[in-house]
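give me the fold of what follows.
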Amino acid sequence: MPLMLGFDYGLARIGVATGQTLTGTASPLVALKANDGIPVWDDVERLLNEWKPDALVVGLPLHADGTESEMAIRARKFGQRLHGRYGLPVHYIDEFESTREARDLTGYRGKAGDQGGALDTAAACVILERFLGEHHD
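Okay, the predicted model is just below:
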């Protein structure tokens, strides 16, 4: 059963979730610290070595008309770096309103930066489950 990691890309934190294709569900893992969108690559490598995913999914914050926002361009570049460094397939999916869905799931209403990464990992779950639902029914 293929295992995947999903990423909710951000400038200060990158939420990560794990999921698998059999159930189409995801679970929160960790929020990696990032400096202007650049993670500590050793932390990413440790995560990949621990979970040994078959593929990765990165959420793209697209505009309502489907065009790429500045953050989507940065998220795509992050995905390309993941592929280049680790050789795993990287898939992309529109993450439209994933943070709102994550807020609904967690019940968190404060500032995103004040929640210690729980909102980021919940958003990564939403992104990964959306991908699994659209591509592995």
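
for the residue lying farthest from the centre of the chain, helix, strand, or coil?
The centre of the chain is farthest from one residue, Asp65, which by Cα atoms, centre = their mean lies 21.5 Å away. With DSSP: H, G, I helix; E, B strand; the rest coil as the basis, Asp65 sits in coil.

point out where this protein drops to low pLDDT.
For the chain, residues meeting the criterion pLDDT under 70 lie at 1, 96-116, 136-137.

list the buried ones in the biggest strand by length in it?
Using DSSP state E, we find that the single longest strand of the chain is strand 25-35. By neighbour count on 16 or more other Cβ atoms under 10 Å, the buried set for strand 25-35 is 26, 28-32, 34. From N, CA and C alone the C-beta is placed, and that goes for glycine too.

now do the strands in this protein.
3-8, 13-20, 25-35, 38-39, 55-60, 90-94.

parallel or antiparallel, which strands does the fifth one pair with?
On the basis of DSSP bridges, the sheet neighbours of strand 55-60 come out as strand 3-8 (parallel), strand 90-94 (parallel).

tell me the angle the longest strand of the chain makes with strand 13-20.
Computed by axes from the mean of the first three to the mean of the last three Cα atoms, to 10 degrees, the angle separating strand 25-35 from strand 13-20 equals 160 degrees.

from the contact counts, what lies against strand 25-35?
Helices and strands touching strand 25-35, by 3 or more Cβ pairs under 8 Å, 6 or more residues apart in numbering; DSSP states H and E, are strand 13-20, helix 41-51, helix 118-135.

one more pass at 6 Å, please.
If contacts are counted by 3 or more Cβ pairs under 6 Å, 6 or more residues apart in numbering; DSSP states H and E, strand 25-35 sits against strand 13-20, helix 118-135.

and of the ones you listed, who's closest to Met4?
Among the helices and strands packed on strand 25-35, strand 13-20 comes nearest to Met4, with 5.4 Å by Cβ to Cβ.

neighbouring contacts of that closest one?
Residues from elsewhere that reach strand 13-20 (Cβ atoms under 6 Å, 6 or more residues apart in numbering): 1, 3-8, 25-32, 34, 39, 51, 117, 120-121, 123-125, 128, 132.
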